[in-house]
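Trainee: sharing a model prediction with you, sequence too.
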Amino acid sequence: MQKTTVLIVDDHTLIRDGIRALLESVADIKVVGEAVNGKEALDKVKELIPQVVLMDLAMPIMGGLEATRRIRREFPETKILALTQYDDREYIIPIIEAGARGFISKMAAFSELASAIQAVSQGDSFLSPSAAAALVEECQQKSTVEGERDSYQQLTNREREVLKLVTEGYTAKEIASMLVISLRTAEAYKTSLMRKLNIRNKADLIRFAIRKGVITL
């Protein structure tokens, strides 16, 4: 029997150990490795080529959102299943837009987790009730967004460059270096573009950039 290979990504040792112990009791699932942050996850995916990555969101060095984007870009055959304690729309929409095939809460029953892993490994999607509700709300709001004034046209060319880099996951310091400008100037561009777009957080900025085709999944 061919087993579904899984990489567990979480910065808490107890959680990783607990998930591994539970998954090892499932006959058709095999845990092939663990990672403590998104950067290590990228290295482990390259080395182990797992079918499914259980991805936490809030981690040091590189979070789950950026790791998901990079894994989907570099290893498109590997499926991402977001497994997190956060089930707010602010977290659900960006990780799905970044390429995750599913979203499940750490409060879910173990049987639900096993089902989610099998579903995404076969190319299907798996959404917890809160994630499904968030996606419905997002779709309903898109029709309103299309009728709004195109605020993207207000941005200068430099602000558009900064928008792209910010939503690709680069820090203000990295952006300053890439564009050969000061850190203060880079931060000023970011503040200015968010003000013009009337956006207050990075999650909404990422959604805006995806809708406008500034970044792609």
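Mentor: Yep, that arrived.

Trainee: in contact with the residue most central in space within the chain, which residues?
Mentor: Centroid check for the chain by Cα atoms, centre = their mean gives residue 65 as the closest residue, at 2.7 Å. By Cβ atoms under 8 Å, 6 or more residues apart in numbering, residue 65 lies in contact with 57, 94-95, 98, 169, 206. Using the backbone N, CA and C atoms, a C-beta is placed for each residue, glycine as well.

Trainee: what's the pLDDT at residue 144?
Mentor: Listed pLDDT for residue 144 reads 49.

Trainee: likewise for residue 115?
Mentor: At residue 115, the predicted lDDT confidence score is 91.

Trainee: residue 24 against residue 31, yeah?
Mentor: Yes. Counting by Cβ atoms under 8 Å, residue 24 touches residue 31, with 6.4 Å between them.

Trainee: okay, those two: which has more neighbours?
Mentor: Neighbour count, other Cβ atoms under 10 Å: between residue 24 and residue 31, residue 31 has more, with 21 against 11.

Trainee: can I assume that one sits in a helix?
Mentor: No. Looking at residue 31 with DSSP: H, G, I helix; E, B strand; the rest coil, it is strand, so not inside a helix.

Trainee: contact partners for it?
Mentor: 5-8, 19-20, 23-24.

Trainee: kindly report the same for residue 113.
Mentor: Going by Cβ under 8 Å, 6+ apart, residue 113 touches 19, 22-23, 83, 104.

Trainee: redo that, cut-off 10 Å
Mentor: Contacts of residue 113 were listed using Cβ atoms under 10 Å, 6 or more residues apart in numbering, and they are 19, 22-23, 26, 29, 54, 81, 83, 104-106, 126.

Trainee: please apply the same query to residue 192.
Mentor: Contacts for residue 192 (Cβ under 10 Å, 6+ apart) come out as 154-156, 158-159, 162.

Trainee: do that again at 8 Å, thanks
Mentor: Counting by Cβ under 8 Å, 6+ apart, residue 192 makes contact with residue 159.

Trainee: same check, this time on residue 44
Mentor: By Cβ under 8 Å, 6+ apart, the contact set of residue 44 is 7, 33-35, 50.
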